[in-house]
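Peer 1: predicted coordinates and the sequence they were generated for:
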Amino acid sequence: MSSDIDYGKLMHHAMRGLIQTVLEGVAQNGLPGEHHFFITFDTAHPDAELADWLSDRYPGEMTVVMQHWFDDLDVTDEGFAVTLNFGDAPERLYIPYDSIKTFVDPSVEFGLRFESQDEDEEDLSDNDADSDDSIAPARPAETAHKPAAQSGDAEVVSLDQFRK
């Protein structure tokens, strides 16, 4: 048993719990006011589920937008499933919380960015006190990649345009 407290791991767990709580509220009551989310996740995560054409187009990570059109949001303790529209093609996604890299709500300039070592390095030892796991607020000015539009090209969206 380790004699050190792994604050990085505890923070990750707490912040992913915050995302779960927010999404549970949205599943029950819809998005309030101007709230909307940019969620970047690891498409190669072993538990992530998305259509083959999406994982081929976004082999490392993808940012989805939950704003005007989303359907059938199902939130669990491990992740969430949602149907999103990709150029008039509804697709069901399952996004585990562990795969989330950033969660941003630009309507209130709130964001989380999860930073960690490669999983192989994290699993080396439970006694490793030098873990680089950290969590930092995502800066709303960072660029997010939106899912592909009908043209088939990804659109780059600067979050600065959502600042008040």
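Peer 2: Yep, that arrived.
Peer 1: contacts only, for residue 54.
Peer 2: 43, 62, 86, 91, 93, 147 (C-beta atoms under 8 Å, 6 or more residues apart in numbering). (Glycine included, C-beta is placed from N, CA and C.)
Peer 1: same list, those residues, but as CSV with neighbour count please.
Peer 2: Shown next, in CSV, are the contacts of residue 54 (neighbours: other C-beta atoms under 10 Å):
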residue, neighbour count
43, 19
62, 24
86, 18
91, 15
93, 23
147, 19
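Peer 1: out of those, which one has the lowest pLDDT?
Peer 2: pLDDT is lowest at residue 147 among those; the value there is 38.
Peer 1: quick one: low-confidence ranges for the chain?
Peer 2: Where the chain drops to pLDDT under 70, the residues are 1-2, 116-164.
Peer 1: so which residues of this structure form strands?
Peer 2: Under the criterion DSSP state E, strands of the chain are mapped to 37-42, 61-66, 70-75, 79-85, 90-96, 100-105, 110-115, 134-136, 143-145, 156-158.
Peer 1: among the ones you listed, which is nearest residue 6?
Peer 2: strand 134-136 (11.5 Å; C-beta to C-beta).
Peer 1: mind putting the strands of the chain in a markdown table, distance to residue 13 included?
Peer 2: Output for those, formatted as a markdown table (distance: least, C-beta to C-beta, whole Å):
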| stretch | distance to residue 13 |
| --- | --- |
| strand 37-42 | 17 |
| strand 61-66 | 21 |
| strand 70-75 | 16 |
| strand 79-85 | 14 |
| strand 90-96 | 13 |
| strand 100-105 | 12 |
| strand 110-115 | 11 |
| strand 134-136 | 10 |
| strand 143-145 | 24 |
| strand 156-158 | 30 |
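Peer 1: among these, which comes closest to residue 5?
Peer 2: Closest to residue 5 of these is strand 134-136 (C-beta to C-beta; 14.5 Å).
Peer 1: number of residues surrounding residue 68?
Peer 2: When neighbours are defined as other C-beta atoms under 10 Å, residue 68 has 8 of them.
Peer 1: so what's it closest to, chain neighbours aside?
Peer 2: Spatial nearest neighbour of residue 68, excluding adjacent residues (C-beta to C-beta, 6 or more residues apart in numbering): residue 36 at 8.0 Å.
Peer 1: my read: the one you found touches residue 64, true?
Peer 2: No - counting by C-beta atoms under 8 Å, residue 36 sits too far from residue 64 to count as a contact (11.0 Å).
Peer 1: mind checking which of those two has more residues around it?
Peer 2: Between residue 36 and residue 64, counted using other C-beta under 10 Å, the more crowded position is residue 64 (24 against 17).
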